[in-house]
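[1] This is a predicted model, with the sequence first.
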Amino acid sequence: MNEKRIAITDYNDTDYEQGFWSSRTYEDLLEKGHVASLLPLSFDRIIDVGGGFGRLAPVYTPRTLDQAILFDYSDELLNSAKKVYANLATLKMVQGSFYNLPFSAGEFDVALSVRVIHHVEDVPCYLSEISRVLKKDGLFVLEFANKQNLLEIFRWIFGRSRTNPFEKQPQNRSDKGLTLNFHPSYIREQVHLAGFEIEEQRASSLLRLPILKKIIGQQKLFQLEKTLPSFLKHHSLSPSIFLKLRKS
């Protein structure tokens, strides 16, 4: 394993739990809703890859029959999760790199990874590891940041963005670290190469605009997005996309 793969984004020195999520109620509610509807009603073992402080744990732990693994690179985020979920016997926190998951092949029925892949430099390795630890026909729920979203297209057309939403290759949007946005066709290609078939696609954060959050309010904005017509919820023009994948 080379150093390039080991050097991944570390959230130990960031106020991710409070500072970042305190102003993102709308996104938090949407993402929990997508995860809840895409996961099976029950399963034996699940791994939440890059699960941080356990934001999504309340969604999947009630469905876990055997054990849920909250896996992250940041020991500080995992320590925060230990304080919250200390009495939850089915949830175990494990620290490590998603380029080298410390689990046996076929150990999990379900894998989940939300707001993680935009920090992944070696996407094939990351997907290959998740595929390895999943059982045959195992389910993988993956979220990724979509650079071909409608707002980004308009920003690029009018010269307000350096991100070309039509280029297939991932593009880093951060000057300080790794924050990648992906073209949907690139992600589709990579998940197929890793041995997954796409069962469902969900558009998310369709109304993610600061002015809408301010005028409408985040709770009401979340409720409004839930009522949008179904044809708007399955396209590839939203800032965030969820995929329900099956290991073939």
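    That came in fine, so what should we check first?
[2] all contacts plus neighbour counts: C-alpha atoms, from now on.
    Fine.
[3] Identify the residues contacting residue 149.
    With Cα atoms under 8 Å, 6 or more residues apart in numbering as the criterion, the residues that contact residue 149 are 165, 236, 237, 238, 239.
[4] try it again with 6 Å
    Contact criterion Cα atoms under 6 Å, 6 or more residues apart in numbering gives 237, 238, 239 as the residues in contact with residue 149.
[5] which parts of whichever strand or helix holds residue 154 are buried?
    Taking DSSP states H and E as the criterion, residue 154 maps to helix 150-157. Buried positions in helix 150-157, judged by neighbour count with 16 or more other Cα atoms under 10 Å: 151, 152, 153.
[6] Past that helix, which element shows up next along the chain?
    Downstream of helix 150-157, the next assigned helix or strand under DSSP H and E is strand 171-172.
[7] what would the contacts of residue 149 look like in a markdown table with secondary structure, pLDDT and neighbour count?
    Converted to a markdown table, the contacts of residue 149 look like this (DSSP: H, G, I helix; E, B strand; the rest coil; pLDDT from 0 to 100; neighbours: other Cα atoms under 10 Å):
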| residue | secondary structure | pLDDT | neighbour count |
| --- | --- | --- | --- |
| 237 | coil | 91 | 21 |
| 238 | coil | 95 | 24 |
| 239 | coil | 95 | 21 |
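[8] Now distance to residue 221 too, for those residues, in CSV please.
    Formatted as CSV, the contacts of residue 149 follow (distance: Cα to Cα, whole Å):
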residue, distance to residue 221
237, 18
238, 15
239, 15
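[9] How about the contacts made by the nearest residue to residue 75 once chain neighbours are set aside?
    Computed as Cα to Cα, 6 or more residues apart in numbering, the closest residue to residue 75 that is not its neighbour in sequence is residue 95, at 6.2 Å. Contacts of residue 95 were listed using Cα under 6 Å, 6+ apart, and they are 71, 72, 73.
[10] Of these, which is the nearest to residue 79?
    The shortest separation between residue 79 and any of the contacts of residue 95 is 10.6 Å, and it belongs to residue 72 (by Cα to Cα).
[11] Going along the chain, name the strands of this protein.
    In order along the chain, the chain carries the following strands (DSSP state E): 43-49, 64-72, 91-95, 108-113, 134-145, 171-172, 180-181, 196-204, 240-247.
[12] Nearest to residue 9, out of those?
    Proximity to residue 9, assessed across these by Cα to Cα, is greatest for strand 64-72 (10.5 Å).
[13] Low-confidence bits of the protein, can you list those?
    Low-confidence segments of the chain (pLDDT under 70): 1-8, 13.
[14] In it, which residue is most central in space?
    Among the residues of the chain, residue 114 comes closest to the average C-alpha position under Cα atoms, centre = their mean, at 1.4 Å.
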